[in-house]
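> next input, structure requested:
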Amino acid sequence: MTPTTATAHEIAPFRLFDLTVLRTRRLGPSVLRITLGGPGAEGFSGGGRDQSLSILLPRPGQREAVVPAGGGEAWHEKWRALPEGERAVTRSYAVRAQRLRADGSTEVDLDVVLHDAGGPGCRWALAASPGDRLAVLGPTAADNATVRFRPPADTDWVLIRADETALPAAAAALEWLPAGLPARVWLEIPRTEDRQALNTAAKARIRWLVRSEGAVCGVETVRAAELPGGTPYAWIAGEASGVRALHHHLVHERGFGHERVTSSAYWRRGLPEQQA
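Predicted coordinates:
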């Protein structure tokens, strides 16, 4: 499904950043927060909300990732032109937070979901320790193509539906929402201990769907809900089949305009994490 965005925006350039792992912290059984920074973070400029970046990891037997030089819109084509067995493994993550510290340095938080059958991203996260260096393809301007959470100016209320892989983006979007804006939010997580404290000035009704507690997590959860009146905007992200089903429900059963629903498939059920 091709994600939709609500407004036109400039496609800002992206480039490679040489970042350093500053610290790691377990947020729950399923999530590890990795904070990146260092001198190589200068110039990183994210747009908040569901801003994403791509980490580049070495293949087994390599000491460092094999990556093309530079950045920009043609970067992906340059990466694909490298021999498949040599080019870096890429994984995309939402930026949970970006901070400018008092000394002028930049920190970037990534929240990595630790799957039971972990692939390259999970293995990197579990092995990460302060001082490790990491190649990252990231934005150099806040208004860029990977920020997709864009409610139109006439939005009366917002719907957010995310699973654990999209929770960092959903949490950042909630922090970004203006004070008093009504929001209906469903957040799906594996275990009770994976709940997080969320900050928002929006008038948000947040429901945690905990799979270990037997919560109903599919489209039926939203289908059964009484939604506010007025002009909506929906942002739904997570497993592909669930995203498709909810997109269909909102557009064809609830009457949301296509342009008022942003849908992002973060992973696909049945596809190994190595290929996701």
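> check what contacts stretch 108-120 and list those residues.
Contacting residues not belonging to stretch 108-120 are listed as 19, 27, 29-37, 41, 44, 46, 53, 55, 57, 89, 91, 93-99, 121-122, 125-126, 138, 164-165, 167-168, 272-274, 276 [Cβ atoms under 8 Å, 6 or more residues apart in numbering]. The C-beta positions use only the backbone N, C-alpha and C, and glycine is treated the same way.
> then stretch 84-101?
Counting by Cβ under 8 Å, 6+ apart, the neighbours of stretch 84-101 from elsewhere in the structure are 33, 44, 46, 48, 50-59, 62, 65-67, 79-80, 106-112, 120-121, 124, 135, 137, 166, 168-169, 171-172.
> so which of these are in strands?
33, 52-57, 106-112, 135, 137 (DSSP state E).
> between those residues, which sits nearest residue 257?
Checking the ones in strands among the contacts of stretch 84-101 against residue 257 with Cβ to Cβ, the nearest one is residue 52 at 24.7 Å.
> what's near enough to touch the closest residue to the closest one other than its chain neighbours?
Spatial nearest neighbour of residue 52, chain neighbours left out: residue 146 (4.5 Å); criterion: Cβ to Cβ, 6 or more residues apart in numbering. Residue 146 makes contact with 50, 51, 52, 53, 139, according to Cβ under 8 Å, 6+ apart.
> again with residue 193
When contacts are counted by Cβ under 8 Å, 6+ apart, residue 193 is found next to 28, 29.
> can you give me the buried ones in the strand or helix carrying residue 245?
When secondary structure is defined using DSSP states H and E, the element that contains residue 245 is helix 240-248. For helix 240-248, burial by neighbour count (16 or more other Cβ atoms under 10 Å) applies to 240, 242, 243, 245, 246, 247.
> what about residue 14, neighbour count?
Residue 14 is surrounded by 23 other residues when neighbours are defined as other Cβ atoms under 10 Å.
> who does it bridge with?
The residues paired with residue 14 through beta bridges, assigned by DSSP bridges, are residue 139.
> and the residue lying farthest from the centre of the chain, what are its phi and psi?
Among the residues of the chain, the one whose C-alpha is farthest from the average of all C-alpha positions is residue 61, by Cα atoms, centre = their mean at 29.0 Å. With angles defined as degrees, to the nearest 10, residue 61 shows backbone torsions of phi 90, psi -10.
> in helices, which of the contacts of stretch 108-120 fall?
121, 122, 125, 126, 167, 168 (DSSP state H).
> thinking again about what came up before, phi, psi for the residue nearest to residue 52 please.
Backbone geometry at residue 146, expressed as degrees, to the nearest 10, gives phi -90, psi 0.
> any low-confidence regions in the protein?
Using pLDDT under 70 as the threshold, the predicted model of the chain has low-confidence ranges 1-12, 70-73, 116-117, 270-276.
> hmm, 90 instead?
Regions of the chain meeting the criterion pLDDT under 90 cover residues 1-13, 60-86, 104, 115-119, 216, 218, 268-276.
> quick one, domains of it?
If you go by automatic domain parsing, the domain ranges for the chain are 14-139, 157-267.
> take these and write them to a markdown table, including distance to residue 151.
A markdown table is the format used below for the domains of the chain (distance: least, Cβ to Cβ, whole Å):
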| stretch | distance to residue 151 |
| --- | --- |
| domain 14-139 | 10 |
| domain 157-267 | 4 |
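> follow-up on the earlier one: what subset of the contacts of stretch 84-101 is buried?
Applying 16+ other Cβ under 10 Å to these, the neighbour count classes 33, 44, 46, 48, 50-58, 65-67, 79, 106-112, 120-121, 124, 135, 137, 166, 168-169, 171-172 as buried.
> tell me how many other residues surround the residue nearest to residue 128 when sequence neighbours are not counted.
On the basis of Cβ to Cβ, 6+ apart, the spatially nearest residue to residue 128 that is not a chain neighbour turns out to be residue 21, at 5.0 Å. Residue 21: 20 surrounding residues under other Cβ under 10 Å.
> just residue 214 next, same as before
Residues within reach of residue 214, counting by other Cβ under 10 Å, total 7.
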